[in-house]
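S.K.: give me the fold of what follows.
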Amino acid sequence: MKIRYKSARSFIALVLIIATISGFAVNLYKIQIRDNEYYIKQNNTVDTYIVPIEAARGEIVDRNGNSLVTNRQGNSIILNAVYFPPSKDNKKRNEIIYNLIRLFEASKEEYAHNLPLKFNRSGEIQFTDDEQAITTMKSADMLNLQPYATAQNCYDAVIEKYGIEGYDKETALKIGNVRYELTRLLFSYENPVTIADDVSDETVARIKEDKATYLGADVQVVAYREYVDSTIAPHILGTVRKINAEEYEEKKEDGYNITDQIGESGIEQAMEEELRGTPGELTITVDKDGNITEEVTKKPVQGNTVVLTIDRDLQVLAQNKLKEICDKVDASSSAGAVVVEDCNSGEILTAASYPSYDLNDYYKKYKQLSSDSRNPLWSRFALGTYAPGSTFKPVTACAALESGIINSQTTYVCEGKKEFFGQPFQCLNGNAHGTENVRTALRDSCNMFFYNCALDIGIDRVDEYATAFGLGQKTGIEIVEASGNLSSPENRENAGGIWRIGDTMLTAIGMSDNLFTPLQLANYCSTIANGGTRYEVHLVKSVIQKSSGVVNEKSTVVADTLELSKNTLDNVHQGMRMVATSGGPYLIFNQLDTDVACKTGTSEVVVNGIKRNNGFLITYAPYKNPEIAVSSVVELAGSGSETAEITSQIIDYWYQNNTDAKTNQKTGTLL
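M.R.: Model prediction:
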C-alpha cells in the first residue's frame, strides 16, 4: 500500500508539471507569434491621447435657399501640451509665450486677454469692470484668493503662480494673461488651448518656420462664422461665442469641450443642437523614446443646415424702409419694428427691428452697442412691449358680436366727449363721430362705441377673446421673446393695484395695462384674417441633415381655434377694409394693386416731459383670401397711418415685384 501511494503522488506531480509547461507554451505562442504586433506596440507606447477636432457649424439659409450664415476657413494658434514644456518648467513656458506675444504684437494680432486686471495711467494695477471674471479669477480653481483680495493681491498671485519674475510689469501681465488662459481652459494633452484667433498667413508661416522659438505652438485650421451680409436680420440670426465655465459644466456630458463655440442668441442659440457639428478625434501616441505620432481617427462632421421661413429680399426691404421712416419721424429718438406673417401657417416672412447692428461688429463694439440709449441690440419685434392702442378694437368687436350684445345694426351715438361714472372720456381730440355701428366705429376708431361695448360685456369677456387671440402671451417663436401683459383685474391685483370700471373701458380701446409685442400683434391679425385659427409662430421652416441630405420639415402647429361666426368675421373684416379705403391710411393703400384691410392705433408716451404718440398698424392682404399679415410700430410716429408706407411697400413687393413668390422651389431642391 505504501508503494502505491508514492506512485500515485508522483503521477499527480508529473501531470501538474506537464500542465504548467503546456500553459507557458500556449502563452508564449500567443505573445511571440499570434499577438506579437500587439505586444510590441504596447511595449513601445507610453501614452495615447484623444484630442477633439472642432466641427464646422451648420449653415443658415432663407426660405428660398439664399445663404445668410456660412463658414470660412481661418487659422488659430494653439498651444499643444504634447510639445509644450511641462508645467514645472515655468521659465521655459514663459519664454516661449513671450516670444509668441512679441510676434503677435508685431503682426497686430489679437491674443488671449481674459485676466480681469489692467494698469491705469498712473501705472497702478486695477480690476477691469467684469465682476464675473473677477470672481472666477479669485476662485479656488484659479488663484484661490479670498473674495476681498485686491487687484494687487491678484497680480502678485499671478506672478508667483506662474513664476513670471524677471519681466517688466507690463510684459509680466501679458504673459500672465496667456498662462491664465491655459489654466482657465484646462490645458492638457487632451485639450490644446487657442491663444490667438484668425491670424494672418504671415504669422502662421513664422511659427511653422521656427518651431524651436515657438515650441508647442501650432496652427489649427478653424471654421469661422461668415455672413453674406452681416446687417441682414441680426436679431433673428444671433451670435456665437466661446462656451463659458457654467455652460461647460452643464453641457460637458453632451460632448462639449471647454474650448467649444456655442450659440449665444437668436437662431444660433435656439437651433444649437442642429447647428453644432459632430467633433472628430485626433489620436496622439507617445512611445517610450518620446516619438510622437498623430492620426485622425474620426473625421468631424459639419452641423445641419437650418432653413428659415424669412425671405431675404423682403427682410432687406423691410429693414431699409423701417429705418427710413423712423429717421424721418425723429432721427435721434424714433425706433420701431415690423413683422410679416403667413396667415395660414404661422411662418414669419420678415421680422425687423430698428435701430439695428452689424453682426461683424457685435463683439468688437459690444460695449458701445450695449450702452447706446437707443438699444440697437434690443429685438423690438420680439422683446418690445407696447400699449397697442386702437389696434386692439377688433378684439372688443369680436367679443361684443359673439356675445350677442351688439349686431350689425347696433349703433351708439358719439358726441366726442362723455362722462362715465363721473369721469370724462373722449374720442381722439374730442371728435364727434355721430351715430356709429361696429363697422364705421372700426373705420373711425371711435372710442365711445367701444367704451359702451366694454360696459355691456364686461372685462372677463374682453379678456377671454384677447387671450384666445394670443395677446399677452408668448407666440411660440424659437428665439427669446417677451410675454407682454394683458390688462385684467387679476394681473392688476397681482401687481398690488386696484381695478376700476374705467380700466375695463380703457382696456377695450387698447390702453390700461395692455402691453403686447409686434409678434403678438401680427399673429392676432393673422387669426382675424384667416377666420379664427391661431398658429404657433415660427422662424424655422426645415432642417437639412448634413450626413444624409434628408429634409425635416417643421410642422404647422395650431395654438388655438376661435369659433367666430360668419357674421362676426364679416363685420370685423368689412370694418378693417373701410379703414384701408376711407380711413387714415387710405391715400397710401389706394395706390396698391392688392386690396388690403387694416386697423391703425396710437398710444401716448412721454419723452423728455413732452407727450407724444407711438404709431401702430395691423394689416392683412389680400382682403379676400388673406395670405399675409403685417404689424408695424414706429415710436413717436404720431399716428398709425404714418406706418402705412412701410406696410404698403412690403405688400407691393410681395405681390408685384416678387413674381416667383407663389412658385418657389421646395427647400430640398434648392441646396
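S.K.: just give the number of residues close to Gln574.
M.R.: 17 (other C-beta atoms under 10 Å). Every C-beta, even on glycine, is put in place using the N, C-alpha and C of the backbone.
S.K.: OK, contacts around it?
M.R.: The contact partners of Gln574, by C-beta atoms under 8 Å, 6 or more residues apart in numbering, come to Arg439.
S.K.: pretty sure Ala81 sits against Tyr189.
M.R.: Yes: the criterion here is C-beta atoms under 8 Å, and Ala81 meets it with Tyr189 at 4.8 Å.
S.K.: okay, the two: which has more neighbours?
M.R.: Neighbours per residue (other C-beta under 10 Å) separate Ala81 from Tyr189, with Ala81 holding more: 21 against 16.
S.K.: the more buried one and Lys251, how far apart?
M.R.: Here Ala81 is placed at a distance of 23 Å from Lys251 (C-beta to C-beta, to the nearest Å).
S.K.: then Asp372?
M.R.: With the distance defined as C-beta to C-beta, Asp372 ends up 32 Å from Lys251.
S.K.: do the same with Asp130
M.R.: Counting by C-beta to C-beta, the gap from Asp130 to Lys251 is 22 Å.
S.K.: with Val51 instead?
M.R.: According to C-beta to C-beta, Val51 and Lys251 sit 19 Å apart.
S.K.: cool, Thr283 as well?
M.R.: With the distance defined as C-beta to C-beta, Thr283 ends up 24 Å from Lys251.
S.K.: flag the shaky bits of the stretch 251-400 of the chain, pLDDT-wise.
M.R.: Scanning the stretch 251-400 of the chain for pLDDT under 70 picks out nothing.
S.K.: strands of that one, start to end?
M.R.: If DSSP state E, counting those that start in this stretch is used as the criterion, the strands of the stretch 251-400 of the chain fall at 261-263, 280-287, 292-298, 305-308, 336-342, 348-354.
S.K.: now do the shortest one: which elements does it pack against?
M.R.: The elements that strand 261-263 packs onto, with contact taken as 3 or more C-beta pairs under 8 Å, 6 or more residues apart in numbering; DSSP states H and E, are strand 240-242, helix 266-270, helix 272-275.
S.K.: just checking: what are the partner strands of it?
M.R.: Strand pairing for strand 261-263, determined by DSSP bridges: strand 240-242 (antiparallel).
S.K.: how about residues contacting the strand it pairs with?
M.R.: Outside strand 240-242, the residues that touch it by C-beta under 8 Å, 6+ apart are Arg57, Arg225, Thr259, Asp260, Gln261, Ile262, Gly263, Glu264, Glu268, Tyr363.
S.K.: now do it: distance to the chain's middle.
M.R.: The gap between the average C-alpha position of strand 240-242 and the chain average comes to 12 Å, counting by C-alpha atoms, centre = their mean, to the nearest Å.
S.K.: name the residues of that strand that are buried.
M.R.: By neighbour count, with 16 or more other C-beta atoms under 10 Å as the criterion, the buried positions of strand 240-242 are Val240, Lys242.
S.K.: likewise for stretch 528-545?
M.R.: Those buried within stretch 528-545 under the rule 16+ other C-beta under 10 Å are 528-530, 532-544.
S.K.: which among those gets closest to Gln473?
M.R.: Distance from Gln473 was checked for each of these by C-beta to C-beta. The minimum falls on Arg534, at 10.5 Å.
S.K.: quick check, pLDDT for the closest one.
M.R.: Among the per-residue scores, Arg534 shows a pLDDT of 98.
S.K.: so is it in a helix, a strand, or just coil?
M.R.: Using DSSP: H, G, I helix; E, B strand; the rest coil as the criterion, the local structure at Arg534 reads strand.
S.K.: in the helix or strand that contains Val204, what counts as buried?
M.R.: Assigned by DSSP states H and E, Val204 belongs to helix 201-209. Neighbour counts over helix 201-209 (16+ other C-beta under 10 Å) mark Thr203, Arg206, Ile207 as buried.
S.K.: adding pLDDT, write the residues you listed out as TSV.
M.R.: Shown next, in TSV, are the buried residues of helix 201-209 (pLDDT from 0 to 100):
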residue	pLDDT
Thr203	96
Arg206	96
Ile207	96
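S.K.: now distance to Ala621 too, for the residues you listed, in CSV please.
M.R.: Conversion of the buried residues of helix 201-209 to CSV gives the following (distance: C-beta to C-beta, whole Å):
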residue, distance to Ala621
Thr203, 55
Arg206, 61
Ile207, 59
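S.K.: show me the contacts for Gly640.
M.R.: Neighbouring residues of Gly640 by C-beta under 8 Å, 6+ apart: Gly389, Ser390, Thr391, Gly584, Pro585, Lys599, Thr600, Gly601, Thr602, Gly615, Phe616, Leu617.
S.K.: farthest-apart pair in these, please.
M.R.: Greatest spacing in these, by C-beta to C-beta: Gly389 and Pro585 (14.4 Å).
S.K.: going along the chain, name the strands of the stretch 451-600 of the chain.
M.R.: With DSSP E, counting those that start in this stretch as the criterion, the stretch 451-600 of the chain has strands spanning 533-535, 540-544, 551-553, 558-561, 597-607.
S.K.: strands paired with the second one, and their directions?
M.R.: Applying DSSP bridges to the sheet, strand 540-544 is found paired with strand 305-308 (antiparallel), strand 551-553 (antiparallel).
S.K.: on that earlier part again, closest one to Asn437 among the strands of the stretch 251-400 of the chain?
M.R.: strand 336-342 (29.4 Å).
S.K.: ok, back up a step: dump the helix holding Val204 to CSV, keeping only the CA atoms.
M.R.: Listed in CSV are the C-alpha atoms of helix 201-209, where the atom choice follows Å, rounded to 0.1, in the frame of the first residue of the first chain:
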residue,chain,number,x,y,z
ASP,A,201,-0.8,83.8,-43.1
GLU,A,202,2.4,85.6,-42.3
THR,A,203,2.1,84.8,-38.6
VAL,A,204,1.3,81.2,-39.5
ALA,A,205,4.5,81.0,-41.6
ARG,A,206,6.7,82.5,-38.9
ILE,A,207,5.5,79.9,-36.4
LYS,A,208,5.9,77.0,-38.7
GLU,A,209,9.4,78.1,-39.8
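S.K.: same for that helix, what does it pack against?
M.R.: When contacts are defined as 3+ C-beta pairs under 8 Å, 6+ apart, helix 201-209 sits against strand 67-79, helix 90-106, strand 217-227.
S.K.: now the angle from that helix to strand 217-227?
M.R.: Using axes from the mean of the first three to the mean of the last three C-alpha atoms, to 10 degrees, one finds that helix 201-209 and strand 217-227 are set 160 degrees apart in direction.
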